[in-house]
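Asks: 3D, please:
(2 chains)
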Amino acid sequence: MSKNKTETDNYIYMALVGLAAWVVPGGGHFILGQRAKATVIFVGVTLAFVIGIYVGSIGVINPVAEKLWYIPQMMVSPTVKFLGMITVRNELSSYAKPNEIGQIYTSMAGMLNLLCIVNAVYLASLSGDKKNEGDK
Amino acid sequence: MLIANVILGGIFMTPLDIPNNWTILLWSIPLIIIIATVYKATKLEKVTDLRFVKESAGLSVTIIGFMALIAVGLWIAMAILT
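Replies: Okay, here's the model as predicted:
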């Protein structure tokens, strides 16, 4: 019974770490106590994303016309949905090279954050396993 | 929504004017550096020592080098085939 409870706690902990890493880039590592790594991840992912929308405007985030690019862009943070809403409501658009560079930067920022989310969840699972071994 | 438009307006509402020539390739360099840095941050235990900087720089140079090699290889292949 207590083992099941501990396992459930671990899954909740891993889910929380994963959620934090998605909401704020580097948030997962921050919860795990790896503040320096969290800072590097936050600065890196945010910088790539900001460069992307600076080059191509927020028109590069288009959940209607550019659905396939929107999926990796959403990996940066759920707040990207808000930017997508601005694009759709104001009918903003971006074309040619600025659009391509902007989409590549913002999507790569999302893919990098996905890598960091997976890494944070993995580290959370390891710390959970160590805790369990300590309890035995 | 209006507040967001005011904050984001000007900087993020209009795309940059980027010329369609070879200089566009230079836009890949900051992205490669960011990718290498964040990737190494997830792989190394410490990010506060010099090893992190060295490995990030090394990975950046490796990616740029191999991309350049592939570009040259494709250029040679195209020159031979056409």
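Asks: who in chain A is up against chain B?
Replies: Residues of chain A found near chain B (CB under 8 Å from any CB of the partner chain) are A:36-37, A:40-41, A:44-45, A:47-48, A:51, A:53-59, A:82, A:85-86, A:89-90, A:92, A:94-99, A:101-102, A:104-105, A:108, A:112, A:115-116, A:119. (C-beta placed from N, C-alpha, C; glycine too.)
Asks: Pull out the buried members of the residues you listed.
Replies: Among those, those classed as buried by neighbour count (16 or more other CB atoms under 10 Å in any protein chain shown) are A:37, A:40-41, A:44-45, A:47-48, A:51, A:53-59, A:86, A:92, A:94, A:97-99, A:101-102, A:104-105, A:108, A:112, A:115-116, A:119.
Asks: From the residues you listed, which land in strands?
Replies: Mapping those onto strands (DSSP state E) picks out no residues; all lie outside.
Asks: re earlier: now, the residues of chain A next to chain B that are in helices?
Replies: Here DSSP state H is the test, and those give A:36-37, A:40-41, A:44-45, A:47-48, A:51, A:53-56, A:82, A:85-86, A:89-90, A:96-99, A:101-102, A:104-105, A:108, A:112, A:115-116, A:119 as lying in helices.
Asks: Torsion angles phi and psi at B:Leu16?
Replies: In this entry, B:Leu16 is assigned phi and psi values of phi -70, psi 160 (degrees, to the nearest 10).
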